Structure formats: structure tokens, C-alpha cells
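A.B. asks: Model the structure of this input:
(2 chains)
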2 protein chains.
Amino acid sequence: MTDKDAVLAANAAFYSAFSAGTIEEMARLWADNDDISCIHPGWPALVGRPAVIGSWRDILLSPHRPEIVCQEPYAIVTGNTGRVLCVEVIGPLALAATNHFRRVGAAWRLVHHQSSPIAQAVSAETPPNRQIH
Amino acid sequence: MTDKDAVLAANAAFYSAFSAGTIEEMARLWADNDDISCIHPGWPALVGRPAVIGSWRDILLSPHRPEIVCQEPYAIVTGNTGRVLCVEVIGPLALAATNHFRRVGAAWRLVHHQSSPIAQAVSAETPPNRQIH
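C.D. replies: Reported below is the predicted structural model:
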């Protein structure tokens, strides 16, 4: 498996943990250190494991947890650092998300997540194209 | 100068280049590689130097370029990777931004920028507090 494939697999595991609502798995996917951070859509930045994992616990346990479909994941890996750009589709809304990973031993662990609303709502048939070059 | 101070200085240089509208300086602050990416508020992701630097050229040369004040910059550095979380204040609006840097020789160069609207507009007197722990 290439590094890019491994980072994409870690990214898929993140969305699977979200869909399944398994906080233990979500907590395990993030790096253990307190240098992790997260910006949920519309939120100010969260820094540190208690704040970040706590926010995911609240979201995953919420009865209003939305369904998120990750589309167009695109991995960029440089050494022990990787990130996946993707589109998060939540009902009629599309968000531009980036998941940043660090290689820890044989695993890629999340260190930062940021999700930003894209101005236009899109249909599932016509996701926004990422502009490359 | 510590690594955190150096990353904060690179972050300040980014906002200075924006304020001054100097595209040459903006282009210089980003890594030379095509693995750079950027998500402007409301935009889909841009990947690669032509798309990313081209977007900054359009923004910096626009007569409607806004004034951005960077508040509460907070640096996280791990090895040759660093990021700065900050609040971008644009008039009455606040955005949660992250600027990701890579150490290239003696410099810290931008590899990813993402700026997300924060749900509540804020006044300059009461910027949103970042939640730490």
C-alpha cells in the first residue's frame, strides 16, 4: 500500500467512525498528543485532545448527528505528513474539508480537521469540482 | 528565535503580503512544490501552485480586496511541520483560519491555507475565544 493509499484509508476510517457514531474509534484515530486541533463548520478553533475529542463525543452522541458522505478524496503526502482534501456532502450542502494526518509508527493519525461551507449548495449529481492546476 | 516564533513570523508575513497586495511576496511565502493547496472561504479546494498562486493574484489585484486583521495567532509546531490557528477579522465578520507551514531550509513556507466563516459575527472588542482544553 502506498502512503497515499494509507492516508486515504485513514480518511475513510474517520468518516466510517462518524457514520457509526463510535467515539472510541474516533478517539483512536486522532494523535495522542495535545497538539491536535479542529475547526468544525461555523465553530472557532478547538485545540488539545480534551477539547477536540470532547467535541466529537458531543457530535457523535447527538440525536441530530447528520449523515456525511465524503466525496472526491484527494491525498497529498510529504514525508510523515499527509492531508486529504475532500467534499463533505450533508444533505443538500457541500463542505470543503481537509483532514491532516501525521505518521505515527505504522499508522496515520489525525492532527487537524477543518470543514468549510462551500458557498453554493449542490446536488449529489453535480458535486463541485476541485480545481487542480 | 524558537520554531514557534519563526512560524508566527511567517504567518505575520503572509498577512502583511495580503495587506500590501504584493503578489511576488505572497508567491515567495508558499512552498515551490505543486503539493500546496488552499481553501478560501466559500470556495472549493484549490490544488497546485498555478491554481493556488493564481487565486491569490486575483484576490490581491482585485479592487474589492478586503482588509484582514489576524487576531489570536496560535502556533503548533511538530518537527518540520507547523500550523497557525488564528481569527481573521474582516469588517464585522470573523473567520477561523489555519495556515500550515513546512520547514524548507531555514524558512517556513506555506503549504495549505483554509479559512472558514465563524457562525457569529463579532465586534473587534469581543473576538471569539479559542477553546483550549
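A.B. asks: can we go C-alpha only for contacts and neighbour counts from here?
C.D. replies: OK.
A.B. asks: Any idea how far apart the tips of stretch A:39-56 sit?
C.D. replies: Across stretch A:39-56, the terminal residues are separated by 11 Å (C-alpha to C-alpha, to the nearest Å).
A.B. asks: Pull the distance from that stretch to the chain's centre.
C.D. replies: The chain centre lies 12 Å from the centre of stretch A:39-56; the measure is C-alpha atoms, centre = their mean, to the nearest Å.
A.B. asks: what does stretch A:80-94 give?
C.D. replies: 6 Å.
A.B. asks: List the buried residues for it?
C.D. replies: For stretch A:80-94, burial by neighbour count (16 or more other C-alpha atoms under 10 Å in any protein chain shown) applies to A:81-90, A:93-94.
A.B. asks: Stretch A:37-50 too?
C.D. replies: Residues A:37-49 are the ones in stretch A:37-50 that count as buried (16+ other C-alpha under 10 Å).
A.B. asks: what two of those residues are the furthest from one another?
C.D. replies: For those, the maximum inter-member distance is 19.7 Å, found between A:G42 and A:R49 (C-alpha to C-alpha).
A.B. asks: In three-state terms, how would the residue lying closest to A:G21 once chain neighbours are set aside be classified?
C.D. replies: Nearest residue to A:G21 in three dimensions, chain neighbours excluded: A:L60, at 5.0 Å (C-alpha to C-alpha, 6 or more residues apart in numbering or on different chains). Put simply, A:L60 is helix when judged by DSSP: H, G, I helix; E, B strand; the rest coil.
A.B. asks: distance of A:L60 from chain B?
C.D. replies: Applying C-alpha to the nearest C-alpha, to the nearest Å, the value for A:L60 to chain B is 19 Å.
A.B. asks: Could you report the separation of that residue from A:N11?
C.D. replies: For A:L60 relative to A:N11 (C-alpha to C-alpha), the value is 17 Å.
A.B. asks: Looking at these two, which is more packed in?
C.D. replies: Neighbours per residue, other C-alpha atoms under 10 Å in any protein chain shown: of A:L60 and A:N11, the larger number sits with A:N11, 27 against 20.
A.B. asks: residue contacts, the more buried one?
C.D. replies: A:84, A:99 (C-alpha atoms under 8 Å, 6 or more residues apart in numbering or on different chains).
A.B. asks: Now it: phi and psi?
C.D. replies: Per-residue torsions, A:N11: phi -70, psi -40 (degrees, to the nearest 10).
A.B. asks: which residue ranges form the strands in chain A?
C.D. replies: Here chain A has its strands, by DSSP state E, at A:37-39, A:46-47, A:69-78, A:81-90, A:93-104, A:107-117, A:131-132.
A.B. asks: Just send these back as a markdown table, with mean pLDDT and distance to chain B too.
C.D. replies: Below are those laid out as a markdown table (pLDDT from 0 to 100; distance: least, C-alpha to the nearest C-alpha, whole Å):
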| stretch | mean pLDDT | distance to chain B |
| --- | --- | --- |
| strand A:37-39 | 98 | 7 |
| strand A:46-47 | 97 | 5 |
| strand A:69-78 | 97 | 6 |
| strand A:81-90 | 97 | 7 |
| strand A:93-104 | 97 | 6 |
| strand A:107-117 | 97 | 5 |
| strand A:131-132 | 54 | 5 |
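A.B. asks: Can you pull up the most central residue in chain A?
C.D. replies: A:N99 (4.4 Å; C-alpha atoms, centre = their mean).
A.B. asks: Now do it against A:A10, distance only.
C.D. replies: 10 Å.
A.B. asks: Could I get the CA-only coordinates of stretch A:78-85 as PDB?
C.D. replies: Listed in PDB are the C-alpha atoms of stretch A:78-85, where the atom choice follows Å, rounded to 0.1, in the frame of the first residue of the first chain:
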ATOM      1  CA  THR A  78       5.100  14.700   2.100                       C
ATOM      2  CA  GLY A  79       7.300  12.600   4.300                       C
ATOM      3  CA  ASN A  80       5.500  11.900   7.600                       C
ATOM      4  CA  THR A  81       2.800  14.400   6.900                       C
ATOM      5  CA  GLY A  82      -0.300  13.900   4.800                       C
ATOM      6  CA  ARG A  83      -3.600  15.500   4.200                       C
ATOM      7  CA  VAL A  84      -6.800  14.600   2.400                       C
ATOM      8  CA  LEU A  85      -8.900  17.300   0.700                       C
END
